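Student: My questions are about this predicted structure, shown below with the sequence.
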Amino acid sequence: MKNVLFPLPLTPFERYYWADNRPDYPTTFPIELSFFGTLNEPAFRAAVLAAQGRHPLLTARIDDQGVDPRWVATEKPEPPIDWAAEGEPIRYPGDAPINLRVQVGLRVWARPGVAKSLARFEFHHASCDGLAAIQFVSDFLVCYANACAGEGAIATLAELVPERLLERGSLSVDNPEPPSLKTAARDSWVTARLWIGILVQRCALLAAPRGPADVAARVGPSERIIEFETRVLVPSEAEQLRAAANSQGVTVNDLLTRDLLAVLKDWNQSHGEPGGRRLRISVPVNIRCSLDRDMPAANRIGFGFVEPEPRDFRDRATLLAAVRRQMDQIKQWKLGLYFLGGLAFASQFKSLIPWALHRNRSFATMVLSNLGRIFAKTPLPRREGRLICGDVELERLTGVPPIRPLTRGSFAIFEYAGEFAICLRCDPKLFRPRDCGELVDAYADRLRETARLGA
């Protein structure tokens, strides 16, 4: 199958994350799993390889020696698996992030303990997006459970069609509009307007703390790669938040975005950041349609942007109305597709995307990626909503999107076993772990307040 697929040209979105990769700001992201119980090493290693084999882009590297970069098959596609005792630091192999020129876009660490175990997966965003990473992890969990069971597999994985990856750059949607000159003109206008706003209109930066800590303490090496902080809304709090959204006729995502904007405004004011520019939230938008059900892991997202006006911050209701209006526009106008359309246009000019990415501009103040309810269709037994995976039970999944030099923070939110896991990563050159903890605490507390008020 690899000979059929590869070599495979990069899509514009893959080029975006390939071009934006830098040593200090790698375009990689972690997914971390915590388990009750002790992981079995042979079953773990077998499950990683079995799951990887279902997703061709996670077995490939990028060859950029020709005119255009392309995915090519690798002689040794197996990802490095770092298996060590509980408590051993998680570090980059060779102190370097993934290099897709010579490596596949997947790395794995495992830290088994007696009562609890930890597994961490690192993905390169050129290889797949967050939803696809969850798809891979779901496959891994099923493969692990089957490996623990021995000859009698306990679950069957859905069939994937590798050839569907040939369509991963398609902008097709369910129920598309019939083509016409009018729609073409509208699409060109919306694309131009979106990208002019991204590239020309500067947004507010997340304020870096100005405390007494010296610079060396902030930028010193960390024992763990891609550090992030996690807070949890327990099932009762999560249910209150859903009820609050229903009572106000909005989505949970609307509330998550509204409350993040309010927290960022308070944070910047308390840390002395000038208030002249607007806060802008980058929201990943899933563009998968019904034809993508059997596609292996890939990038099938675009980006929308929520950027209220200063007057929208005068009270909770006004800000929520502004957020809902812009989120509805993202859905109705399919603005994630217009983001990708702009990348497709720019990719016709070899140097345009790298030029735009390496200018001293921030595309957004913060990234907010709400992955929603994960593992809803994973075919494994459950205990109190948690997956039973052979000899272990999945307690929680966490992770965060990449950050850029001037987009200083990224949030990810996962709904699993009735809980909301709220994860935050901040630029380690500017934020200490305790700074990051203060910001995620402020956000979690604001969401709890919203849940109480709604209830």
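Tutor: Perfect, I can see it now. Numbering: from 1, shown residues only.
Student: just the strands in the stretch 301-450 of the chain please.
Tutor: Taking DSSP state E, counting those that start in this stretch as the test, the strands found in the stretch 301-450 of the chain are 301-306, 366-373, 382-383, 386-389, 392-399, 409-416, 419-426.
Student: Tabulate these in JSON lines, adding columns for mean pLDDT.
Tutor: What follows is the strands of the stretch 301-450 of the chain, written out as JSON lines (pLDDT from 0 to 100):
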{"stretch": "strand 301-306", "mean pLDDT": "94"}
{"stretch": "strand 366-373", "mean pLDDT": "97"}
{"stretch": "strand 382-383", "mean pLDDT": "96"}
{"stretch": "strand 386-389", "mean pLDDT": "98"}
{"stretch": "strand 392-399", "mean pLDDT": "98"}
{"stretch": "strand 409-416", "mean pLDDT": "98"}
{"stretch": "strand 419-426", "mean pLDDT": "98"}
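Student: Tabulate the ones you listed in JSON lines, adding columns for mean neighbour count.
Tutor: Yep, even glycine has a C-beta here, placed from its N, CA and C like the rest. Below are these laid out as JSON lines (neighbours: other Cβ atoms under 10 Å):
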{"stretch": "strand 301-306", "mean neighbour count": "22"}
{"stretch": "strand 366-373", "mean neighbour count": "20"}
{"stretch": "strand 382-383", "mean neighbour count": "12"}
{"stretch": "strand 386-389", "mean neighbour count": "22"}
{"stretch": "strand 392-399", "mean neighbour count": "22"}
{"stretch": "strand 409-416", "mean neighbour count": "23"}
{"stretch": "strand 419-426", "mean neighbour count": "23"}
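Student: Mind putting those strands into a markdown table with distance to A43?
Tutor: A markdown table is the format used below for the strands of the stretch 301-450 of the chain (distance: least, Cβ to Cβ, whole Å):
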| stretch | distance to A43 |
| --- | --- |
| strand 301-306 | 32 |
| strand 366-373 | 26 |
| strand 382-383 | 19 |
| strand 386-389 | 10 |
| strand 392-399 | 10 |
| strand 409-416 | 22 |
| strand 419-426 | 25 |
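Student: looking at those strands, which is closest to D435?
Tutor: When the strands of the stretch 301-450 of the chain are compared by Cβ to Cβ, strand 419-426 sits nearest D435, at 6.7 Å.
Student: Please name the nearest non-neighbouring residue to R280.
Tutor: In space, and not counting its chain neighbours, R280 is closest to C203: 3.8 Å by Cβ to Cβ, 6 or more residues apart in numbering.
Student: Surely that neighbour and T407 touch.
Tutor: No: when contacts are counted by Cβ atoms under 8 Å, C203 is not listed as touching T407 (9.1 Å).
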